[in-house]
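> fold the following for me, if possible:
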Amino acid sequence: MTSHETSVKSMTKGAVERPSALPGRKRVRFAQNCCGMNGTAARWWTGGASREGLHLALNRSLSEPGPPKRCKLETASLPASPCIESKTLQRSWVLSTLGRITPDVLADRMSNSMTPILIVDVRPFIAYNVSHIRGSVNVSCSDRISRRRLEQGKATLADLASTVIGKEKMRQRIHKEVIVYDESTSEVDRIANNHPLFLVITSLVQDQRFPVLLLGGHKEFVKRHREHCDSPVATTPLIQEPQNPDIESHPPSRVLPFLYVGNARDARDIQLMKDLGVTKVLNVTQAGVPSQEASGIAYRQLPASDSTQQNIKQYFEEAFSFIEDARKSNGSVLVHCQAGVSRSPTIAIAYIMKHRGVSMVEAYKLVKTARSIISPNLNFMGQLLELEQCLRSEVKPCWSQAATQTPEEVTSSCSV
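Numbering: from 1, shown residues only. Modelled structure (predicted):
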């Protein structure tokens with residue numbers, strides 16, 4: 001081992017510290033004189049070698065970097081949004097929880113099972129009111145407002161139930177299994193997340209219940225087991241004015257203490273009006289009634305026809321005001337059409353919905369109880385459903401502008 005190697009070895013053992021306080025060249029001389037190192041070892045030990053050997057070859061000014069280097073751009077896929085992944089996971093979870101049942105199995109359970117079955121019909125109320133599986137509860141979220149409220153958790157299935165009994169059934173916890181159906185769905189994995197059926201199923205799963213889909217929906221069930229279905233409004237003609245003598249002779253019906261529903265013959269009977277205490281008559285036909293102002297009865301006409309094209313909503317506000325005037329003056333009002341079956345009951349139902357704050361179903365039942373022969377046509381039922389949606393949304397009544405709108409424009413204005 002050479003002398004300078006011995007010196008370096010001893011230095012690495014901590015015998016002498018590097019003189020870092022001295023300038024570079026003086027450190028080298030110090031190492032040569034005091035430690036006996038040769039020039040190379042001294043420069044290494046003092047760090048001089050790295051500094052003296054450093055050469056920066058700058059052939060270009062830093063302020064003028066020259067032409068930019070071209071790089072090939074490559075596409076890269078971004079990761080999926082957490083929200084999308086969350087919805088996908090939720091959908092998979094809901095579909096894995098969903099059960100299935102055939103119409104035959106359900107009919108057998110309805111006939112033979114001793115355990116009560118909770119069945120939920122998610123179709124629009126109009127379809128439900130025409131025909132539904134016996135005992136089913138109508139939970140309608142076919143409009144965008146109800147769907148949004150349900151999806152955001154601002155409404156429960158009980159809130160969207162059409163009847164008081166239905167609301168109570170949905171609030172009870174005795175039914176863990178809930179059978180759900182719409183018009184004809186068999187494969188729920190093909191419907192969108194905002195479809196009424198999928199929203200109801202999702203809400204049931206989140207409520208820790210076990211939803212079961214009726215394969216084929218109402219269409220398939222009524223085809224195979226009509227005996228297990230009810231059709232509450234399919235007992236009288238919907239479009240044509242009834243000519244049944246019993247209907248024509250039906251007396252005026254007292255719906256509220258100040259509100260009667262009747263026919264054109266009733267309106268012409270002045271003595272009958274006086275006996276009933278009627279002070280106002282609202283004529284919902286296109287045929288005028290001779291003025292009876294001398295008798296002390298005020299008349300108002302709303303020229304509506306009983307047809308599938310008639311926009312009856314345009315008259316709601318005027319009718320409400322006329323009926324309210326009678327109530328506030330401690331009088332009574334007769335609302336009539338030709339037979340007291342379709343147009344005048346529609347006005348009465350709409351008034352009760354507005355001023356009693358009840359659903360269309362509850363108002364319909366109240367009028368139906370007082371006057372069993374009523375049967376508003378499906379066009380009017382649809383407009384009553386739109387009125388209910390407007391009242392639920394707590395927006396300015398959309399029928400107030402109807403005088404300058406077509407039926408299609410009025411319908412679309414209710415869709416928020």
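> check which helix or strand the nearest residue to residue 151 once chain neighbours are set aside maps to.
The shortest distance from residue 151 to any non-neighbouring residue, by C-beta to C-beta, 6 or more residues apart in numbering, is to residue 199 (6.0 Å). To be clear about C-beta, it is placed using only N, CA and C from the backbone, and glycine gets the same treatment. According to DSSP states H and E, residue 199 maps onto helix 196-206.
> other residues contacting that helix?
90, 93-94, 97-98, 120, 122, 139-142, 147, 150-151, 156-157, 178, 180, 182, 185, 188, 191-193, 210-211, 213 (C-beta atoms under 8 Å, 6 or more residues apart in numbering).
> do the same with stretch 125-138
Stretch 125-138 is contacted from outside by 106, 110, 117-121, 123, 140, 161-163, 165-166, 169-170, 181, 183, 218, 221-222, 228-234, 360-361, 364, 378, 381-382, 385, using C-beta under 8 Å, 6+ apart.
> stretch 316-333 too?
257-260, 276-282, 284, 300, 302, 335, 347, 350-351, 354-355, 387, 397, 399-400, 402.
> and the chain, what are its domain boundaries?
Domain ranges of the chain: 98-230, 245-413, per automatic domain parsing.
> out of the contacts of stretch 316-333, list just those in strands.
259, 260, 278, 279, 280, 281, 282, 300, 335 (DSSP state E).
> can you redo those as TSV with pLDDT and distance to residue 369?
Listed next are these as TSV, based on pLDDT from 0 to 100; distance: C-beta to C-beta, whole Å:
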residue	pLDDT	distance to residue 369
259	97	14
260	97	14
278	94	21
279	94	25
280	94	23
281	94	23
282	95	21
300	93	26
335	97	16
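> let's have those in a markdown table, adding neighbour count and distance to residue 205.
Converted to a markdown table, these look like this (neighbours: other C-beta atoms under 10 Å; distance: C-beta to C-beta, whole Å):
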| residue | neighbour count | distance to residue 205 |
| --- | --- | --- |
| 259 | 22 | 44 |
| 260 | 28 | 48 |
| 278 | 24 | 54 |
| 279 | 19 | 56 |
| 280 | 21 | 53 |
| 281 | 25 | 54 |
| 282 | 28 | 49 |
| 300 | 18 | 52 |
| 335 | 29 | 46 |
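> looking at those, which one is closest to residue 308?
residue 335 (21.4 Å; C-beta to C-beta).
> on that earlier part again, can you tell me which of the contacts of helix 196-206 are buried?
Buried residues within the contacts of helix 196-206, counting neighbours by 16 or more other C-beta atoms under 10 Å: 94, 98, 120, 122, 139-142, 147, 150, 156-157, 178, 180, 182, 185, 188, 211, 213.
> let's see which of the residues you listed end up in strands.
Those of the buried ones among the contacts of helix 196-206 mapping onto strands are 120, 178, 180, 211, 213, per DSSP E.
> how near is the first one to residue 183?
Meaning residue 120. Note on residue 120: its distance to residue 183, by C-beta to C-beta, to the nearest Å, is 14 Å.
> how about the fourth one?
Taking C-beta to C-beta as the measure, residue 211 and residue 183 are separated by 17 Å.
> mind checking the SS state of residue 192?
Secondary structure assignment for residue 192 (DSSP: H, G, I helix; E, B strand; the rest coil): coil.
> that one: what's it in contact with?
Applying C-beta under 8 Å, 6+ apart to residue 192 gives the contacts residue 198.
> how near is residue 268 to residue 295?
Relative to residue 295, and taking C-beta to C-beta, residue 268 is found at 11 Å.
> no, scratch that, I was asking about residue 131
45 Å.
> with neighbour numbers in mind, choose between the two.
A direct count of neighbours by other C-beta atoms under 10 Å for residue 131 and residue 295 places residue 131 higher, at 17 against 12.
> against residue 265, how distant is that one?
Distance from residue 131 to residue 265, counting by C-beta to C-beta: 33 Å.
> re the thing from before, which of the domains of the chain comes out lowest on mean pLDDT?
Of all those, the minimum mean pLDDT falls on domain 245-413 (a mean of 84).
> re the thing from before, now intersect the contacts of stretch 125-138 with the strands, please.
118, 119, 120, 121, 181, 229, 230.
> my read is that residue 315 contacts residue 304, right?
Yes. Counting by C-beta atoms under 8 Å, residue 315 touches residue 304, with 6.3 Å between them.
> for stretch 354-366, list the C-alpha coordinates in PDB.
Provided in PDB are the C-alpha atoms of stretch 354-366 (Å, rounded to 0.1, in the frame of the first residue of the first chain):
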ATOM      1  CA  LYS A 354    -107.900  23.300  -5.900                       C
ATOM      2  CA  HIS A 355    -109.800  24.500  -2.900                       C
ATOM      3  CA  ARG A 356    -109.700  21.400  -0.700                       C
ATOM      4  CA  GLY A 357    -106.000  20.500  -1.500                       C
ATOM      5  CA  VAL A 358    -106.700  16.900  -2.200                       C
ATOM      6  CA  SER A 359    -105.500  14.500  -5.000                       C
ATOM      7  CA  MET A 360    -107.500  13.900  -8.100                       C
ATOM      8  CA  VAL A 361    -108.400  10.400  -6.900                       C
ATOM      9  CA  GLU A 362    -109.800  11.700  -3.600                       C
ATOM     10  CA  ALA A 363    -111.800  14.400  -5.300                       C
ATOM     11  CA  TYR A 364    -113.100  12.000  -7.900                       C
ATOM     12  CA  LYS A 365    -114.200   9.600  -5.200                       C
ATOM     13  CA  LEU A 366    -116.000  12.400  -3.300                       C
END
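> what's it in contact with?
Here stretch 354-366 makes contact (C-beta under 8 Å, 6+ apart) with 125, 129, 138, 162-164, 255, 316, 320, 324, 349-350, 352-353, 384-385, 387-388, 391.
> list the buried residues of it.
Residues 354, 358, 359, 360, 361, 362, 363, 364, 365, 366 are the ones in stretch 354-366 that count as buried (16+ other C-beta under 10 Å).
> cool, and stretch 330-342?
For stretch 330-342, using 16+ other C-beta under 10 Å, the buried residues are 331, 332, 333, 334, 335, 336, 337, 338, 339, 340, 341, 342.
> residue contacts, the closest residue to residue 170 other than its chain neighbours?
Nearest residue to residue 170, sequence neighbours excluded (C-beta to C-beta, 6+ apart): residue 158, at 3.9 Å. When contacts are counted by C-beta under 8 Å, 6+ apart, residue 158 touches 167, 168, 170, 171.
> alright, calling it a day.
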